[in-house]
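Undergrad: predicted model and sequence below, questions to follow.
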Amino acid sequence: MSEEDKHKARIFLHRGDLQQARSCYEKAVRDDRGNGSGQELSDSLGNLGNIYAMMSAYDESEQCYREVLAIQRDLQDVNAIGQTLANLGNVQAEAGRPEKARSYYMEALDLLRPLPDKRALGVLLSSIALQDAAVGRNEDAIANFKQALECHRAVGDEDGLAVTYSQLGKTFLQAGNAQSAEKCLNNASEHFIKLGNEEGEAAVLRLLADLYEQAGKEESAIRCLERVVLVNARYGLLQSRQDTARLSGLLERRRKA
């Protein structure tokens, strides 16, 4: 029954039905405890932990990941241990416990940095950088985001490049470095366009509009927001009313100038 439950769980997860996906993975975990290998139980617990995290059930997610970690240590799978430590860090970060998150991230970094898995390392470095930025350690955040970009380039991770350039641009903007922020945000926009991710592009253009407004470049801000409003209309994004009002204000200001 375990494989059938796992198959059903993947289907429910694809449909966005987290409750049903959780129920199926819970059944799979019970079956794997009695009949599966350590690796099978680890996989099921890891997937269940992911579901709990998506449902903001952070204590339950942490419990799953801790059990996964114990199994992986027995199996001596260093890469898997590193990624599970990163997952534990993510749970702590989402639960609002940044120092505990950083402790897990640093332990994960010690394990993943020497390994050839640049994709996992890039994701981890971005997570660390986000925590740095959240507590005002902008220089550390910028350094870690730049290292993450190197990892994403090494494996050709377009999604990673788009998101990380966006996050780095936002950090530069918060640090008052408008020139570097503009460069990074434009790079992010190009990568999102290449991916066909219009919602990601719109998020970046909002930040660029902020930058241009602060610099008194209202025409550039208007061009960004015109594109954002178009994307909003296509996807029914939540920010639609706010973005439209903001664009209308800039257009009215231009008309009166």
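TA: All right, it came through fine.

Undergrad: which parts of the stretch 151-257 of the chain are helices?
TA: 158-174, 178-195, 198-214, 218-235, 240-256 (DSSP state H, counting those that start in this stretch).

Undergrad: helices or strands next to the second one in the packing?
TA: Helices and strands touching helix 178-195, as assessed by 3 or more Cβ pairs under 8 Å, 6 or more residues apart in numbering; DSSP states H and E, comprise helix 158-174, helix 198-214. Placement of C-beta: from N, CA and C, glycine included.

Undergrad: and the ones you listed as TSV, adding distance to residue 95 and mean pLDDT?
TA: Converted to TSV, the helices and strands packed on helix 178-195 look like this (distance: least, Cβ to Cβ, whole Å; pLDDT from 0 to 100):
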stretch	distance to residue 95	mean pLDDT
helix 158-174	20	96
helix 198-214	24	96
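
Undergrad: and those helices as CSV, adding mean neighbour count?
TA: Putting the helices and strands packed on helix 178-195 into CSV (neighbours: other Cβ atoms under 10 Å) gives the following:
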stretch, mean neighbour count
helix 158-174, 22
helix 198-214, 20
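
Undergrad: what pLDDT does the residue lying closest to residue 98 once chain neighbours are set aside get?
TA: In space, and not counting its chain neighbours, residue 98 is closest to residue 131: 5.5 Å by Cβ to Cβ, 6 or more residues apart in numbering. Residue 131 is assigned 92 on the pLDDT scale.

Undergrad: buried sites along the helix or strand residue 131 falls within?
TA: Assigned by DSSP states H and E, residue 131 falls within helix 118-134. Residues of helix 118-134 classed as buried: 118, 120-133 (neighbour count, 16 or more other Cβ atoms under 10 Å).

Undergrad: those residues: which two are farthest apart?
TA: The span of the buried residues of helix 118-134, defined through Cβ to Cβ, is set by 118 and 133 at 21.9 Å.

Undergrad: convert stretch 181-190 to CSV, retaining C-alpha atoms only.
TA: Extracted in CSV, the C-alpha atoms of stretch 181-190 (Å, rounded to 0.1, in the frame of the first residue of the first chain):
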residue,chain,number,x,y,z
ALA,A,181,20.1,47.7,-7.4
GLU,A,182,19.0,48.8,-10.8
LYS,A,183,21.6,46.6,-12.5
CYS,A,184,20.6,43.5,-10.5
LEU,A,185,16.8,44.1,-11.0
ASN,A,186,17.2,44.6,-14.7
ASN,A,187,19.1,41.3,-14.8
ALA,A,188,16.4,39.6,-12.8
SER,A,189,13.7,41.0,-15.2
GLU,A,190,15.6,39.6,-18.2
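
Undergrad: and it, what's buried?
TA: By 16+ other Cβ under 10 Å, the buried positions in stretch 181-190 come out as 181, 182, 184, 185, 187, 188, 189.

Undergrad: got it, and stretch 39-57?
TA: 40-53, 57.

Undergrad: among these, which one sits closest to residue 250?
TA: Nearest to residue 250 among the buried residues of stretch 39-57, with distances taken as Cβ to Cβ, is residue 53, at 39.4 Å.

Undergrad: the closest one against residue 61, yeah?
TA: Yes. Here residue 53 reaches residue 61: they are 4.2 Å apart, a contact under Cβ atoms under 8 Å.

Undergrad: who touches both of these two?
TA: With contacts taken as Cβ atoms under 8 Å, 6 or more residues apart in numbering, residue 53 and residue 61 have residue 91 as neighbours in common.

Undergrad: ok, residue 219 to residue 251 distance?
TA: Residue 219 sits at a distance of 11 Å from residue 251 (criterion: Cβ to Cβ, to the nearest Å).

Undergrad: more neighbours: which of those two?
TA: residue 251 (14 against 10; other Cβ atoms under 10 Å).

Undergrad: the more buried one against residue 222, yeah?
TA: Yes. Here residue 251 reaches residue 222: they are 6.6 Å apart, a contact under Cβ under 8 Å.
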